[in-house]
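[1] Provided below are the primary sequence and the corresponding predicted coordinates.
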Amino acid sequence: MDNQSLVKSYLEYLDMVRQNDPLSIDLYRTHLRQLLSWSKDVPIEQSKQISPSFPTYLANSLGERTGRPLSPRYMDDVCSTARAFFMWCRREHVEKFSTIPLDWIECLKPNKANSMDSQPKKCDHFTVEDIRKIISVESKTLTDERGKASIAFLFLSGMRIKAFLTIPISCVDLENFRIYQLPARGVATKFHKAAITTLLPIPDLLEVVQAWDQKIRKIFPPEQTWFAPVRCSGQETPGVFHVTREKASPNRGKEFRKELKRLCNRAGISYLSPHKLRHGHAIYGINCAKDMKEYKALSQNLMHDSISITDGIYGNLNEDDIRDTLAGFTNKKDSIKIDSSNAQDLIRALIKLQQNPDLIKKVLDT
């Protein structure tokens, strides 16, 4: 079996056996193109002999679209996909791949000079002040109204953009602050996970969301998407609702990004991707969390499997804010203030204790 066929077989395995999301499979396909480009005509089972190594090859490569060096994040993701691919090859083609040692596969990682830790972590996200500037922009068109309400909704909910763009009106219960992220009702959540999440209680943002919600409920049936279809012939025309049996346009993702960019420009703030609204939700929640219970609630609202995932993704996005917040905590019984220099270590320790019940028992027994 040649290299191309092996990769194709692996992707089919991810699709048919592991039942991975089609978007994830497309991403892995692009990652494995890098591996095929590196191996060229050399059989993949002889990868150990190829020089330079795969991580070094990536470090010296340029992006096809950007023409710039590959980012540490991208290289890390590509290497992770390559490791999973080689482990599958060893399982499915034992004889052919027995010559590739496990420690060689484990070493398929960017070197330290090109690792994610080699660059300072960016903390790009929308702040609540950014959202307030956006919703204060005058609504010239119906798409402006939809855009402002959608931006506020995403910040308040922390939803992923794909889930938000597919959520029907019937799954939004603003009266009870509940959002039903249910794949069975058409919501495209990550890994098809179901959850009932809630909105941050920020009154001025909620007011914009509620105004849009009331407007669309008078016109559209419950199964229509909350990001309701609008027909507008130009940027300055008011626009009208497009009442149709179909849900919002297949290009709704592009529509939202275009509206977000336009509203950011009018509000005088830097454009960031829609996912940075989710980041903003997480950072706002972390800064407001008073104890581990509230931190856990935030984690569940983001639909993370554990609090350690939330901490791993967002814990370092704004270290100063987290440290300053925790530095103000006081032990009510002993009135001992937490040293700000140890604040980050404290929350890490609490998270690890929560994830390890046996360790908690040992601590309590000592």
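    Received the coordinates, thanks. Since the structure is predicted, the reported quantities are computational estimates derived from the model, not experimental observations. Numbering: from 1, shown residues only.
[2] in the chain, which spans are strands?
    172-173, 178-181, 195-198, 230-231, 240-241 (DSSP state E).
[3] Could I get the buried residue list for the second one?
    Using 16 or more other C-beta atoms under 10 Å as the burial criterion, the residues of strand 178-181 that qualify are 179-181. Using the backbone N, CA and C atoms, a C-beta is placed for each residue, glycine as well.
[4] Grab the nearest non-local neighbour of residue 277.
    residue 154 (4.0 Å; C-beta to C-beta, 6 or more residues apart in numbering).
[5] what residues are up against the one you found?
    Counting by C-beta atoms under 8 Å, 6 or more residues apart in numbering, residue 154 touches 161, 164, 274, 277-278, 281.
[6] mind checking pLDDT for it?
    Per-residue confidence (pLDDT) for residue 154: 98.
[7] pLDDT wise, what is the closest residue to residue 90 other than its chain neighbours at?
    The shortest distance from residue 90 to any non-neighbouring residue, by C-beta to C-beta, 6+ apart, is to residue 97 (4.7 Å). We have a pLDDT of 92 for residue 97.
[8] What of residue 75?
    Taking residue 75 on its own, its pLDDT is 94.
[9] Touching, it and residue 57? I think so.
    No: taking contacts as C-beta atoms under 8 Å, residue 75 lies outside contact range of residue 57: 10.0 Å.
[10] Kindly report the domain assignment for this protein.
    Annotated domains of the chain cover 3-118, 128-276, 318-366 [automatic domain parsing].
[11] Tell me the one among the buried residues of strand 178-181 nearest to residue 32.
    In terms of C-beta to C-beta, no member of the buried residues of strand 178-181 lies closer to residue 32 than residue 181, at 30.9 Å.
[12] what sits against the closest one?
    Applying C-beta under 8 Å, 6+ apart, the residues near residue 181 are 159, 163, 167, 171, 187, 189, 193-197, 303.
[13] deepest of the strands of the chain, which one?
    strand 178-181 (a mean of 20; mean count of other C-beta atoms under 10 Å).
[14] That one pairs with which strands?
    Strand 178-181 has its sheet partners listed here by DSSP bridges as strand 172-173 (antiparallel), strand 195-198 (antiparallel).
[15] so which of the buried residues of strand 178-181 comes closest to residue 294?
    The closest of the buried residues of strand 178-181, once distances to residue 294 are taken by C-beta to C-beta, is residue 179, at 18.5 Å.
[16] Between residue 75 and residue 57, tell me which one has more neighbours.
    residue 75 (23 against 16; other C-beta atoms under 10 Å).
[17] How much space separates that one from residue 135?
    38 Å (C-beta to C-beta, to the nearest Å).
[18] Also residue 259?
    For residue 259 relative to residue 135 (C-beta to C-beta), the value is 13 Å.
[19] what touches both of the two?
    Counting by C-beta under 8 Å, 6+ apart, nothing touches both residue 259 and residue 135.
[20] Which parts of the stretch 101-250 of the chain are helices?
    Assigned by DSSP state H, counting those that start in this stretch, the stretch 101-250 of the chain shows helices spanning 102-106, 128-135, 142-157, 161-166, 203-217.
[21] In a markdown table: these, plus distance to residue 11.
    A markdown table is the format used below for these (distance: least, C-beta to C-beta, whole Å):
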| stretch | distance to residue 11 |
| --- | --- |
| helix 102-106 | 19 |
| helix 128-135 | 39 |
| helix 142-157 | 32 |
| helix 161-166 | 21 |
| helix 203-217 | 40 |
